[in-house]
Every structure is written in structure tokens, then in C-alpha cells.
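[1] for reference, the sequence and a predicted model appear below.
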Amino acid sequence: MKIQFLGHACFYITTKGRNILVDPFISGNDQASSVKMDELKPDYILLTHAHQDHVLDAEDLAKKHQAQIISNHEIATYYGDKGLDTHGMNTGGTYGFDFGKVTCVVAHHSSVFDDGTYGGNPNGYIIDDGQKRLYIAGDTALTYDMKLIPEFYGAVDVAILPVGDNFTMDYKAAAKAADFVQCKEIIGCHYDTFPPIKIDHQQVQKYFEEQGLNLLLADIGATKEY
């Protein structure tokens with residue numbers, strides 16, 4: 001499983017010959033100006049919730065590549081009404097795709113499109129490709145529900161967790177979330193994009209090290225294989 005960081009909460013995941021683009025916010029993110037959208041060829045676009053900083057480029061990229069949008073029922077319906085290929089899910093559900101199983105899990109946040117349309121309940125996701133189990137927390141507070149993930153689905157190999165505070169949990173809560181899902185390999189997201197979520201990288205990195213956790217605060221465009 002290859003995971004490329006494209007800024008903010010956007011990731012490009014490649015597994016089993018399929019490309020999954022998560023929460024595409026690229027054209028509106030000045031920090032992601034080095035990302036070449038023309039080089040992205042998603043087969044699927046996975047959306048955690050409807051806020052603009054997670055869905056901005058979803059429609060254009062889905063149209064260009066005939067990519068299927070995977071999200072909750074309300075978001076899938078929103079894009080389905082625009083003629084796009086979608087697969088709607090909801091919290092607690094699991095579905096098998098050709099790249100592996102996707103499970104929707106609880107995320108405590110809000111969800112509304114920029115035009116005011118209700119975006120349903122936000123979600124996190126577990127992607128299990130049969131070799132690795134990836135947890136994408138989405139925008140969320142720390143929640144005790146996270147403890148159920150390893151109990152029901154097995155320990156997580158890699159976890160993508162927000163660390164920026166203000167709109168989501170902070171880095172200390174993210175470290176606790178890593179403990180809850182029994183994961184040592186963490187990729188941070190949702191930090192530095194806007195003034196309220198700027199972090200002190202050294203401070204955050206040191207805290208995770210003290211907890212015995214490996215935190216990756218990746219450069220935009222960087223790829224790591226798990």
C-alpha cells in the first residue's frame with residue numbers, strides 16, 4: 001500500500017492496482033501548488049464529509065476520470081444527482097471493492113456543502129486490502145468509539161489522524177487515538193493549512209516519540225509505502 005500526502009487531509013492511496021483519492025482539496029490549497037492534478041488518475045474518490053476543504057476538487061476529478069465517489073448516503077446522493085458514479089454508505093457499514101473492504105466508522109464533526117446542502121454524518125474509514133489495515137479518521141474529536149476498531153476489525157497498521165486542533169482533535173488527543181486503535185505508525189494531517197491549525201512540528205514530533213509512536217508529518221507530494 002502506497003500513501004502519498006497531497007496536503008491538508010488529501011491523500012492518494014495505491015493498492016491492488018487501484019488509486020483511491022481521499023478528500024481532494026488541491027486547487028484551493030496554496031501549499032499544494034506543487035501537486036500536478038493532471039498526473040492524478042483516481043479510480044475512486046473517498047470523501048469523509050462535505051466541507052469544502054475536503055471535497056473542492058472531487059466533482060471535477062470524478063468527471064475527468066470516471067472515478068466512483070465513495071461516501072455517506074447524503075454526499076453520494078448529492079453527486080449522484082449531478083450524474084456522477086457514486087457508492088453511498090453509512091456509519092457501521094462495510095462494503096467490498098476491488099481494492100479491498102471499506103468500513104465506515106464514527107467521526108465527531110459537522111458536514112455541510114459550501115452551497116448549504118446538508119452533508120450527512122461525517123465518517124472515518126477503515127480500508128483493509130487483505131495485507132494492511134489503514135484507518136482514516138477524518139475530521140474528528142477524540143472518541144472512545146475508536147477503541148471498538150481493533151476489537152471488531154483488528155489492530156490498525158497505519159492511521160491517518162488530524163493533529164491541528166481548533167477544527168479537530170489536537171496532537172495529544174491524536175496520540176491517544178493511536179493508542180485506542182492499537183497503531184504505532186501515524187500519518188498526521190489537517191495542520192498548517194490555515195492560521196488556526198498551524199503546529200510546532202518539533203513539539204508535536206517530540207510528544208509522539210515520548211509516547212512510543214512513529215509520527216510522519218510528510219512534505220506535500222511525499223510518498224511512503226507500508
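    The structure has been received and is ready for your questions.
[2] who does Thr86 form a beta bridge with?
    Beta-bridge partners recorded for Thr86 (DSSP bridges): Ile69.
[3] that one reaches Glu74, doesn't it?
    No. In this structure, Thr86 is not within contact of Glu74 by C-beta atoms under 8 Å, at 10.8 Å. The C-beta positions use only the backbone N, C-alpha and C, and glycine is treated the same way.
[4] okay, helices next: where are they in the protein?
    Here the chain has its helices, by DSSP state H, at 52-55, 58-65, 73-80, 148-153, 171-180, 201-210.
[5] what about stretch 52-63, start to end distance?
    In stretch 52-63, first residue to last residue: 18 Å (C-alpha to C-alpha, to the nearest Å).
[6] ok, and for it, which residues are buried?
    Asp53, His54, Val55, Leu56, Asp57, Ala58, Glu59, Leu61, Ala62 (16 or more other C-beta atoms under 10 Å).
[7] for the protein, which segments count as strands?
    2-5, 11-15, 18-22, 44-46, 68-72, 86-89, 94-97, 100-106, 123-128, 133-136, 158-162, 185-189, 214-216, 223-225 (DSSP state E).
[8] okay, these in TSV with mean pLDDT and distance to Gly28 next?
    What follows is these, written out as TSV (pLDDT from 0 to 100; distance: least, C-beta to C-beta, whole Å):
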stretch	mean pLDDT	distance to Gly28
strand 2-5	98	17
strand 11-15	98	16
strand 18-22	98	15
strand 44-46	99	16
strand 68-72	98	18
strand 86-89	98	22
strand 94-97	98	28
strand 100-106	98	26
strand 123-128	98	22
strand 133-136	98	20
strand 158-162	98	18
strand 185-189	98	16
strand 214-216	98	24
strand 223-225	97	22
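[9] for Tyr44, which of the helices of the chain is the nearest?
    Tyr44 lies closest to helix 58-65 among these, at 9.3 Å (C-beta to C-beta).
[10] what's the mean pLDDT across that closest one?
    For helix 58-65, mean pLDDT is 98.
[11] and that helix, what does it pack against?
    strand 44-46, strand 68-72, helix 73-80 (3 or more C-beta pairs under 8 Å, 6 or more residues apart in numbering; DSSP states H and E).
[12] now distance to Asp23 too, for the helices of the chain, in CSV please.
    Below are the helices of the chain laid out as CSV (distance: least, C-beta to C-beta, whole Å):
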stretch, distance to Asp23
helix 52-55, 4
helix 58-65, 8
helix 73-80, 11
helix 148-153, 19
helix 171-180, 17
helix 201-210, 21
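[13] would JSON lines of the strands of the chain with mean neighbour count and distance to Ala173 be doable?
    Shown next, in JSON lines, are the strands of the chain (neighbours: other C-beta atoms under 10 Å; distance: least, C-beta to C-beta, whole Å):
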{"stretch": "strand 2-5", "mean neighbour count": "20", "distance to Ala173": "21"}
{"stretch": "strand 11-15", "mean neighbour count": "21", "distance to Ala173": "20"}
{"stretch": "strand 18-22", "mean neighbour count": "23", "distance to Ala173": "21"}
{"stretch": "strand 44-46", "mean neighbour count": "25", "distance to Ala173": "23"}
{"stretch": "strand 68-72", "mean neighbour count": "25", "distance to Ala173": "23"}
{"stretch": "strand 86-89", "mean neighbour count": "18", "distance to Ala173": "26"}
{"stretch": "strand 94-97", "mean neighbour count": "13", "distance to Ala173": "26"}
{"stretch": "strand 100-106", "mean neighbour count": "21", "distance to Ala173": "15"}
{"stretch": "strand 123-128", "mean neighbour count": "24", "distance to Ala173": "14"}
{"stretch": "strand 133-136", "mean neighbour count": "26", "distance to Ala173": "15"}
{"stretch": "strand 158-162", "mean neighbour count": "26", "distance to Ala173": "9"}
{"stretch": "strand 185-189", "mean neighbour count": "23", "distance to Ala173": "12"}
{"stretch": "strand 214-216", "mean neighbour count": "18", "distance to Ala173": "13"}
{"stretch": "strand 223-225", "mean neighbour count": "11", "distance to Ala173": "23"}
